[in-house]
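**Student:** Sharing a model prediction with you, sequence too.
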Amino acid sequence: MALVTSNVEEGGTQSGFPESSVVSPPPRPGEKTVALAPNQLPTAAAAVPHASGEAIDVRGRFRIEAALAQGGMGMIYRAWDGRLNRAVALKVLLAAHEGNRTLGQRFTDEARLTASLEHPGVVPVFEIGRCVDRRPFFAMGLIEGETLAQILDRREGLSDLPKLLRCFEQVCQTAGHAHSRGIIHRDLKPENVMIGGFGTVKVIDWGIALRLNAEESADEELICGTPAYLPPEQAVGEFDRIDERADVFSLGGILCEILTGHPPYRGESQEEVMEQAGEARLGDAFARLENCGADHELVRLAKHCLSADPASRPRTAVEVERVLKDYLESGLRRIERDQMRFFELSLEMFCIAGLDGYFRQINSNFPRNLGFTEEELRSRPFIDFVHPDDVVATAEAVANLGSGHQVVGFTNRYRHVDGYYVRLEWSARAIPDEGVIYAVARFL
């Protein structure tokens, strides 16, 4: 049996990205551009070398701008689609595999399988075709961003855990969609998660994905995946036991790395790590999880996914996502309860107001100290309760808040229901993007 991984090969591209990580650098000065025509033979051709020194002959609709990454099967380029005027990622089978029917079939299977997963977490496939030398290619969406692995490499502690858990939740959703279609990824890991602009999360590199219950598989005799995240049944080649729960194990591996800074298995060599994976030596990973300082619910979920016995894991990624979502939502509810408890128990006059000039929420000290009911205070612009001589200064303070400045020690006078005025000292700050002001006042 052979081991196939989707890591970037030694001596390949300098980008350091996995095969389908299509982060786009700017074109290099003086770089030659050529074109590639789908499903047509050329009348002339140009050759361009890429990072490995291999040359390809292309011509037509797609103009290649830069080499981005190289993997075991293909080379990925940034290219320009002249027909639709947009940048795309173009994946081309390596010339070394030309004539290899098994790899050629797996390459085109990857394109068709990826295209079948119409989900926001999967890079869309736009077109499939052949180069002028008959090697297959496919064009897909170009992601500009970085991998989850890069983010994890530079993080410190658990300070950014909520953001990473939201990212992980989207990975689970994407894997869950694939599982619902009878497809398993078989190489889920931080290097195969891309974080793009506006918080988009994509699961990439479906090159060794498997359609369950298919009549035949091009690599049914191969051990595939990345050893540090492999479930034992996949690591030892027990192909009849590999199903969605293999991906669930790898999801547990990603969560383990998010919580502890390291994947489940570590070693001096791939062989050592592979041996650990085959024997499911999870003692070190479980000890790290127990001591990572994260909430018990997260540790329990990671250990559940990392169960050595597939039958003891969640059945699909949908179940993992459901548990994680419940945890995240319970955390939000807990924060809301804590905020409400502080809101009501504060000895000061605490409020949330809108930049539109109305109170949105006030604690019980407002009615108690001003005599107006909560309904009366919230139904009218708060400027209506300010002493006429303080209206201009109050409006200026609100404008400063709306510009993102904090207001500290501002004083004005508020009217009591009985007609007299009380002097208040305010400290406030706003979140302009949300249009709200958080403010606390005390009597002078």
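**Tutor:** Thanks, I have the structure now.
**Student:** how does the protein divide up, domain by domain?
**Tutor:** Segmentation of the chain into domains, based on automatic domain parsing, reads 2-140, 146-336, 346-443.
**Student:** how about those in CSV, adding mean pLDDT and mean neighbour count?
**Tutor:** Glycine gets a C-beta too; all of them are placed from N, C-alpha and C. Listed next are the domains of the chain as CSV, based on pLDDT from 0 to 100; neighbours: other C-beta atoms under 10 Å:
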stretch, mean pLDDT, mean neighbour count
domain 2-140, 67, 18
domain 146-336, 91, 19
domain 346-443, 90, 15
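**Student:** Now do the helices in this protein.
**Tutor:** 101-116, 148-154, 161-180, 232-235, 244-260, 270-279, 283-290, 296-305, 317-345, 365-370, 374-379, 391-402 (DSSP state H).
**Student:** Which strand residues bridge the nearest residue to H387 once chain neighbours are set aside?
**Tutor:** Spatial nearest neighbour of H387, chain neighbours left out: R413 (3.8 Å); criterion: C-beta to C-beta, 6 or more residues apart in numbering. Beta bridges link R413 to R423 when assigned by DSSP bridges.
**Student:** Could you double-check that P227 sits in contact with Q270?
**Tutor:** Yes - between P227 and Q270 there is a contact under C-beta atoms under 8 Å: 5.8 Å.
**Student:** hmm, back to that, list the contacts for the residue nearest to H387?
**Tutor:** V386, H387, D389, D390, Y421, V422, R423, L424 (C-beta atoms under 8 Å, 6 or more residues apart in numbering).
**Student:** For the last one, give me its contacts.
**Tutor:** Counting by C-beta under 8 Å, 6+ apart, L424 makes contact with M349, T411, N412, R413, Y414, A441, R442, F443, L444.
**Student:** now it: how far from R288?
**Tutor:** Going from L424 to R288 by C-beta to C-beta, to the nearest Å gives 52 Å.
**Student:** And for the third one?
**Tutor:** As defined by C-beta to C-beta, D389 lies at a distance of 64 Å from R288.
**Student:** Just the CA trace of stretch 144-162, in PDB.
**Tutor:** C-alpha atoms of stretch 144-162 as PDB (Å, rounded to 0.1, in the frame of the first residue of the first chain):
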ATOM      1  CA  GLU A 144      -7.600  35.800  -1.400                       C
ATOM      2  CA  GLY A 145      -6.800  35.300   2.200                       C
ATOM      3  CA  GLU A 146      -4.800  32.900   4.400                       C
ATOM      4  CA  THR A 147      -5.100  29.400   5.800                       C
ATOM      5  CA  LEU A 148      -6.300  28.600   9.200                       C
ATOM      6  CA  ALA A 149      -2.900  27.000   9.800                       C
ATOM      7  CA  GLN A 150      -1.200  30.400   9.200                       C
ATOM      8  CA  ILE A 151      -3.600  32.000  11.700                       C
ATOM      9  CA  LEU A 152      -2.900  29.300  14.300                       C
ATOM     10  CA  ASP A 153       0.800  29.600  13.800                       C
ATOM     11  CA  ARG A 154       0.900  33.200  15.000                       C
ATOM     12  CA  ARG A 155      -1.700  33.200  17.700                       C
ATOM     13  CA  GLU A 156      -1.000  33.400  21.400                       C
ATOM     14  CA  GLY A 157      -3.200  31.700  24.000                       C
ATOM     15  CA  LEU A 158      -7.000  31.500  23.700                       C
ATOM     16  CA  SER A 159      -7.700  35.200  23.400                       C
ATOM     17  CA  ASP A 160      -9.100  34.800  19.900                       C
ATOM     18  CA  LEU A 161     -10.900  31.500  20.600                       C
ATOM     19  CA  PRO A 162     -14.500  32.800  19.900                       C
END
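**Student:** gap between that stretch and the chain center?
**Tutor:** Relative to its chain's centre, stretch 144-162 lies at 10 Å (C-alpha atoms, centre = their mean, to the nearest Å).
**Student:** try stretch 143-156
**Tutor:** Between the centre of stretch 143-156 and the centre of its chain there are 10 Å (C-alpha atoms, centre = their mean).
**Student:** Between the two ends of that stretch, how far is it?
**Tutor:** 26 Å (C-alpha to C-alpha, to the nearest Å).
**Student:** Next: stretch 402-409.
**Tutor:** End-to-end distance (C-alpha to C-alpha), stretch 402-409: 17 Å.
**Student:** all numbers from here: first residue = 57
**Tutor:** Sure, I'll start numbering at 57, so the last one becomes stretch 458-465.
**Student:** isn't T170 right up against I184?
**Tutor:** No - at 10.0 Å, T170 does not count as touching I184 under the criterion of C-beta under 8 Å.
**Student:** for P319, what are its contacts?
**Tutor:** Contacts of P319 by C-beta under 8 Å, 6+ apart are K245, A284, Y285, G309, C312, E313, A341.
**Student:** now do T429
**Tutor:** Taking C-beta under 8 Å, 6+ apart as the criterion, T429 is in contact with P423.
**Student:** Check the gap between it and H443 for me.
**Tutor:** T429 is 21 Å from H443, by C-beta to C-beta.
**Student:** repeat for E174
**Tutor:** The separation that E174 has from H443, given C-beta to C-beta, amounts to 61 Å.
**Student:** same check, this time on L362
**Tutor:** 64 Å.
**Student:** how far is stretch 181-188 from where the chain is centred?
**Tutor:** Centre-to-centre, stretch 181-188 and its host chain are 28 Å apart (C-alpha atoms, centre = their mean).
**Student:** do stretch 302-321 as well
**Tutor:** Worked out by C-alpha atoms, centre = their mean, stretch 302-321 lies 15 Å from the chain centre.
**Student:** Dump it to CSV, keeping only the CA atoms.
**Tutor:** Output of stretch 302-321 as CSV, limited to C-alpha atoms (Å, rounded to 0.1, in the frame of the first residue of the first chain):
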residue,chain,number,x,y,z
ALA,A,302,-13.2,9.5,9.6
ASP,A,303,-13.8,13.2,8.8
VAL,A,304,-15.3,13.6,12.3
PHE,A,305,-12.0,12.5,13.7
SER,A,306,-10.1,15.0,11.6
LEU,A,307,-12.5,17.7,12.8
GLY,A,308,-11.6,16.7,16.3
GLY,A,309,-8.0,17.1,15.3
ILE,A,310,-8.6,20.7,14.1
LEU,A,311,-10.4,21.5,17.3
CYS,A,312,-7.6,20.0,19.3
GLU,A,313,-5.1,22.3,17.5
ILE,A,314,-7.4,25.3,18.1
LEU,A,315,-7.5,24.5,21.8
THR,A,316,-4.0,23.3,22.5
GLY,A,317,-1.9,24.7,19.7
HIS,A,318,-0.9,21.3,18.3
PRO,A,319,-2.6,18.5,16.2
PRO,A,320,-3.4,15.2,17.9
TYR,A,321,-0.1,13.5,16.9
